[in-house]
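S.K.: predicted model follows, preceded by the sequence.
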Amino acid sequence: MQLDDLVSSESIEQEAWTALEKSILYYKGRPVGTVAAYDATVEALNYDQCFVRDFVSSALIFLMKGRTDIVRNFLEETLKLQPKERQLDAYKPGRGLMPASFKVVCDGEEEYLEADFGEHAIARVTPVDSCLWWVILLRAYVVATKDFSLAYQPQFQHGLRLIMELCLATRFDMYPTILVPDGACMIDRRMGIYGHPLEIQALFFAALRAARELLICQGNEDIVTAIDNRLPLLRTHIRQYYWMDLHRLNKIYRFKSEEYGKAAANPFNIYADSLPYYELDKWLPRKGGFLVGNVGPSQLDTRFFSLGNLVAVVSDLTSEEQSQAIMNLIDERWEDLVGDMPMKICFPALENEEYRIVTGCDPKNRPWSYHNGGSWPVLLWLLSAAAVKTNRIELGHKAVEIAEARLHLDEWPEYYDGKKGRLMGKQARKYQTWTIAGFLLAKELLQNPTFLPLVTFAPFTVEPASRACEFELVQVDTVYLS
Ligand code: GLC
């Protein structure tokens with residue numbers, strides 16, 4: 001690298017910091033979050049609000065720079081927005097939910113926060129991921145500050161408990177994964193990701209692990225038992241049924257179907273003809289693999305979703321071999337998955353009739369645009385975190401270099417379109433905060449891998465619940481029914 005490059009790299013970082021500072025949202029004089037985008041050239045819609053999922057990238061970089069106050073304020077204020085009572089009105093957010101976003105409203109001299117749990121959002125989508133990200137962020141705060149006292153406060157313990165109750169409640173289906181409606185996460189539009197989408201399952205796994213570290217056992221014995229019971233089942237389920245590589249493709253290709261009973265080798269009754277197996281046969285590198293997007297009855301969505309795969313690597317949801325195989329795939333299929341802007345939200349895009357039926361003819365999600373195969377710079381930090389975690393740091397550096405050459409010139413767009421990510425997103429906001437923060441975060445993680453534990457966990461061991469809490473096992477279901 002030349003001296004000039006270094007200087008310009010520094011000034012790009014400086015520019016990013018200035019833009020990030022500008023995005024800070026103040027409430028009663030205190031910083032409480034960052035707005036989604038600060039782009040005065042287009043109508044704000046809800047981009048002038050602080051989104052929980054978007055704020056995570058800002059929060060992590062603030063934590064790394066010792067600016068813990070804004071993160072603490074965010075955690076405290078959002079906790080107050082969480083409904084604590086059982087709802088009688090089915091149109092109101094349920095107990096334990098965290099909002100998708102919130103804004104500061106001024107009423108004369110008074111200021112208050114107004115939350116959106118999806119009841120205002122386009123298509124009224126449910127932000128299932130918000131409460132999961134919230135738990136993950138609280139734990140990152142504790143790791144960064146080495147101070148458990150915030151998480152141990154009664155109101156935080158209560159909030160955590162309500163989130164866990166919501167996630168672990170007795171439901172109709174009998175998978176260890178959670179069942180959610182379409183658009184319940186970063187992809188908050190109809191994209192055929194209802195059921196058991198990977199993104200939610202990976203965040204769920206990380207949130208369970210985070211909550212397990214933060215919950216005081218005493219008084220939460222039932223929840224802790226439920227977490228300890230769920231974690232190994234969830235992990236095995238994902239590692240087994242969501243995994244795709246050449247070996248597994250071969251197995252599925254020759255699957256028998258219509259098997260009844262416990263011994264079925266094809267328990268979900270996947271029909272090989274529902275898979276683009278000739279495409280996958282061509283695309284899958286010999287040493288590569290990934291977690292598929294969704295698994296359900298006769299359903300195996302073989303699209304590659306970046307966020308879910310990267311969170312799985314970072315949180316140890318995948319085995320060491322699987323994590324390496326995911327990184328191999330990213331490396332070998334770089335042109336498809338990273339191209340000219342790290343990185344694709346999913347691959348490949350839905351096209352033609354499939355696009356029309358699955359998205360409901362959504363013009364924003366045309367093939368290779370936005371959520372349907374668009375490229376999202378925010379994913380750069382997760383790619384870098386996964387690269388550091390798997391000792392594939394060169395992949396992180398390569399991606400950052402690509403982003404650095406363009407992002408600031410394009411004024412930090414929300415997303416890019418096109419098979420290679422060369423077109424600035426048709427409706428992309430500029431000065432999108434998580435693009436800016438994600439870039440800074442990726443650079444920081446690559447320069448200081450010691451920050452990685454903010455988002456990673458110690459190798460996973462399951463303690464027998466009775467020993468972990470020293471109490472008698474409670475029937476969790478009966479607790480939730482009460
Ligand atoms: C879009 C994205 C969503 C994000 C929001 C604010 O709706 O799909 O993930 O949280 O914009 O940036």
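M.R.: Nice, I can see it.
S.K.: going forward, measure contacts between C-alpha atoms and count neighbours the same way
M.R.: Fine.
S.K.: any regions of the stretch 251-400 of the chain where pLDDT drops low?
M.R.: Within the stretch 251-400 of the chain, no stretch has pLDDT under 70.
S.K.: taking it, what residue is nearest to the ligand?
M.R.: Using C-alpha to the nearest ligand atom, the single residue of the stretch 251-400 of the chain nearest to the ligand is residue 371, 7.1 Å away.
S.K.: just give me the neighbour total for that residue.
M.R.: 25 (other C-alpha atoms under 10 Å).
S.K.: so who does it touch?
M.R.: With contact taken as C-alpha atoms under 8 Å, 6 or more residues apart in numbering, residue 371 is in contact with 187, 191, 345-346, 365.
S.K.: how about a cut-off of 10 Å?
M.R.: Contact analysis of residue 371 by C-alpha atoms under 10 Å, 6 or more residues apart in numbering lists 186-191, 344-347, 349, 364-365, 415, 417.
S.K.: residue boundaries of the strands in this structure?
M.R.: Assigned by DSSP state E, the strands in the chain fall at 24-27, 30-34, 50-51, 101-107, 110-116, 243-245, 289-296, 299-305, 346-347, 416-417, 423-424.
S.K.: mind putting those strands into JSON lines with mean neighbour count?
M.R.: Listed next are those as JSON lines, based on neighbours: other C-alpha atoms under 10 Å:
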{"stretch": "strand 24-27", "mean neighbour count": "18"}
{"stretch": "strand 30-34", "mean neighbour count": "22"}
{"stretch": "strand 50-51", "mean neighbour count": "25"}
{"stretch": "strand 101-107", "mean neighbour count": "17"}
{"stretch": "strand 110-116", "mean neighbour count": "15"}
{"stretch": "strand 243-245", "mean neighbour count": "22"}
{"stretch": "strand 289-296", "mean neighbour count": "24"}
{"stretch": "strand 299-305", "mean neighbour count": "20"}
{"stretch": "strand 346-347", "mean neighbour count": "22"}
{"stretch": "strand 416-417", "mean neighbour count": "27"}
{"stretch": "strand 423-424", "mean neighbour count": "19"}
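S.K.: CSV for these, including distance to residue 440?
M.R.: Listed next are the strands of the chain as CSV, based on distance: least, C-alpha to C-alpha, whole Å:
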stretch, distance to residue 440
strand 24-27, 15
strand 30-34, 15
strand 50-51, 19
strand 101-107, 22
strand 110-116, 28
strand 243-245, 32
strand 289-296, 27
strand 299-305, 23
strand 346-347, 23
strand 416-417, 19
strand 423-424, 20
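S.K.: for the stretch 1-150 of the chain, which residue gets nearest to the ligand?
M.R.: For the stretch 1-150 of the chain, C-alpha to the nearest ligand atom, closest residue to the ligand: residue 36, 4.8 Å.
S.K.: mind pulling up the pLDDT for that residue?
M.R.: With respect to pLDDT, residue 36 scores 97.
S.K.: quick check: closest non-adjacent residue to it.
M.R.: residue 47 (4.9 Å; C-alpha to C-alpha, 6 or more residues apart in numbering).
S.K.: residue 287 too?
M.R.: residue 325 is the one closest to residue 287 (C-alpha to C-alpha, 6+ apart), at 6.0 Å.
S.K.: list the contacts for the one you found?
M.R.: 245, 285-290, 318-319, 331.
S.K.: near the ligand, from the residues you listed?
M.R.: For the ligand, no contacts are drawn from the contacts of residue 325 by C-alpha under 6 Å from any ligand atom.
S.K.: how about the residues of the stretch 101-250 of the chain that lie near the ligand?
M.R.: Counting by C-alpha under 6 Å from any ligand atom, the residues of the stretch 101-250 of the chain near the ligand are 186-188.
S.K.: closest one of those to the ligand?
M.R.: Nearest member of these to the ligand, counting by C-alpha to the nearest ligand atom, is residue 186, at 3.5 Å.
S.K.: ramachandran angles for that closest one?
M.R.: phi -50, psi -40 (degrees, to the nearest 10).
S.K.: quick check: it touching residue 133?
M.R.: No. Contact criterion C-alpha atoms under 10 Å: residue 186 and residue 133 do not qualify, at 11.0 Å.
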